[in-house]
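Undergrad: fold the following.
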Amino acid sequence: METAQKECLKEQVDQVRQMLDKAAGGRPYTLLAATKTQSAETINLLPDCGILDYGENRVQEWLEKHDKIDKRLRYHQIGRLQTNKIKYIIEDVMLIHSVDRMDLAREIDRQAEKHGRCVDILLQVNTAGEEQKGGVSPEGLMSLYEACLSLEHLRVKGLMCMAPNTQDVRVTHETFASARALFDALASSDKQIGVLSMGMSQDAQIALEEGSTLVRLGTSLFGRREG
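TA: This next block holds a predicted model:
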C-alpha cells in the first residue's frame, strides 16, 4: 500500500513540478509541502518524491505527529502563531513564516535564547489589504523589520504574503507584485534577505511569475483535505 501511495504521490509531484518550473522560468525555488491534516506516514513519503521541506499550520497538530516524522525533513511553521505556542516548536522549527507583530518576534527571540538558537523568520506582509488575513501592513513593514534587527536570537530572512480570496487574476498578480517590490527593497540593503514565500495551490503559478522563491502547496500534492 505504501509503495502504491508513494508512486501516486511521486507522479503528482512530478506533474506539479513541470507546471511550477515553467512558471519560474528557470529560476530556483523551493517547493514546500503544506501537510495540514496529513499523517506522519504520508509526510515521510516526501523525501523520496524530492521534497525536503514541509509546513504545518497548527502547532498542536504538529506536536501530535512530529516524533514520527523523518528527520531528513525540514519543518516550517506556516500558519498564524500564538506567543504561548512558540516554546513547543522552538527547538525544531527551521523557518517561521508568519511573524507580523513585535510581541511575537520578542517571544521567538526569548525562547530561542533559552535554547541556544538563532531562529530564522519571515515577516508576513498583507499586501492584499484583507482584514481577516494576518500580516503587517506595507506601511508598517519597515518599522517591524528594523525593530527585529535589535533581537539577537532571530534572523529576518525575507517576507511571506498571501493572495486575496478572488478569482480576479489581475488582483492576485498585483498583490504578489507589491510584495515582491517590498522584498526587493529589503534585499537591496540586507544580504540575509533571500526568501519570498508566496503562492499556494490555487495561485502558485502566478506567485512564481511574480518572483516567489518558495511556494506552499497542499491540495495540488495531496488532493482536497478534510477539516
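
Undergrad: what about Leu123, which SS state?
TA: The three-state label given to Leu123 by DSSP: H, G, I helix; E, B strand; the rest coil is strand.

Undergrad: against Phe222, how distant is it?
TA: Leu123 sits 28 Å away from Phe222, going by C-beta to C-beta, to the nearest Å. Where C-beta positions appear, they are placed from N, C-alpha and C, glycine not excepted.

Undergrad: quick one, which of the two is more surrounded?
TA: Using other C-beta atoms under 10 Å as the criterion, Leu123 and Phe222 rank with Leu123 on top: 28 against 19.

Undergrad: which strand residues bridge the more buried one?
TA: On the basis of DSSP bridges, Leu123 is bridged to Val99, Leu159.

Undergrad: my guess is it contacts Ser98. True?
TA: No: here Leu123 lies out of contact with Ser98, judged by C-beta atoms under 8 Å, at a distance of 9.0 Å.

Undergrad: so what's in contact with the two at the same time?
TA: Common neighbours of Leu123 and Ser98, counting by C-beta atoms under 8 Å, 6 or more residues apart in numbering, are Met160.

Undergrad: quick check: buried residues in the lengthiest helix in the chain?
TA: Within the chain, and with DSSP state H defining each element, the longest helix by residue count is helix 2-24. By neighbour count, and taking 16 or more other C-beta atoms under 10 Å as the criterion, the buried residues in helix 2-24 are 6, 9-10, 13, 16, 20, 23-24.
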